[in-house]
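> Pasting the sequence and the predicted coordinates here, then a few questions.
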Amino acid sequence: MKNLNLLTDEELVALYSKGDNSAFDVLLLRHKNRIYSYVFYIVKDRELAEDIFQETFVKVITTIKQGRYVESGKFSSWITRIAHNLIIDHYRQEKTENHIPNNDMNPDVFNRKELSEGTVEDSMISSQIRVDIRRLVAALPDNQKEVLVMRYYQNMSFKEIADATNVSINTALGRMRYAILNMRRMAEENKIELFF
């Protein structure tokens, strides 16, 4: 029997569609951290992120089991697009129900021991820079923020970003360019040094 970890995503999807549940386990392990991180970074609420994450994989299971999965690019882009659409659906539903999102919770995802080294001063400066960058990213328009997060925090290629967000590569590149220009402009206006 083949080692499932050595198979491509598409091969695992084919095996899972034929009833091999262990193939799906490998897919889940392979993509869960990236998808959860993407969802959590956008929604900034652990409970909501977990719900959307689970809903994403339920949708993946359903689509594959019904034979509706069409290999039209990378599996990782496809699953990211599903998560992306579920996030949009959530906010659309929230907007129609006149809910006000609770953005008070702002977990410090950068406050991790393994990210700090050097002197206390270096650590404090680095910490402040990360806080400033997070604020600048949060102030970006949603479409620019989304591309920036996918590119820098999830290491996605512009092709993967374009596939996941349903835009052309040029549009994804343009959004990234404007995101960086906007962050530089906001940094200058607020006299923030980011070492770009």
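It's in. Everything numeric here is computed off the predicted structure, so don't read it as measured data.

> per-domain residue ranges of this protein.
According to automatic domain parsing, the chain comprises the domains 1-106, 108-196.

> Would you mind putting these into a markdown table with mean neighbour count alongside?
Just so you know, the C-beta spots here come from the backbone N, C-alpha and C atoms, and that holds for glycine as well. A markdown table is the format used below for these (neighbours: other C-beta atoms under 10 Å):
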| stretch | mean neighbour count |
| --- | --- |
| domain 1-106 | 15 |
| domain 108-196 | 15 |
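
> where among those domains is the average confidence lowest?
Among the domains of the chain, domain 108-196 carries the lowest mean pLDDT, at a mean of 76.

> And the most centrally placed residue in the chain, how far from residue 94?
The chain has residue 38 as the residue nearest its centroid, 2.2 Å off, counting by C-alpha atoms, centre = their mean. Separation of residue 38 from residue 94 (C-beta to C-beta, to the nearest Å) stands at 19 Å.

> and what of residue 46?
17 Å.

> could you check the distance from residue 132 over to residue 191?
10 Å.

> do residue 91 as well
Noted for residue 91: a distance of 33 Å to residue 191, by C-beta to C-beta.

> Quick one: residues in contact with the helix or strand hosting the residue nearest to the centre of the chain.
Counting by DSSP states H and E, the element that carries residue 38 is helix 21-43. The contact list for helix 21-43 (C-beta atoms under 8 Å, 6 or more residues apart in numbering) reads 4-5, 7, 9, 12-13, 15-16, 46, 49-50, 52-53, 56-57, 60-61, 64, 75-76, 79-80, 83-84, 87, 90, 109, 146, 149-150, 153-154.
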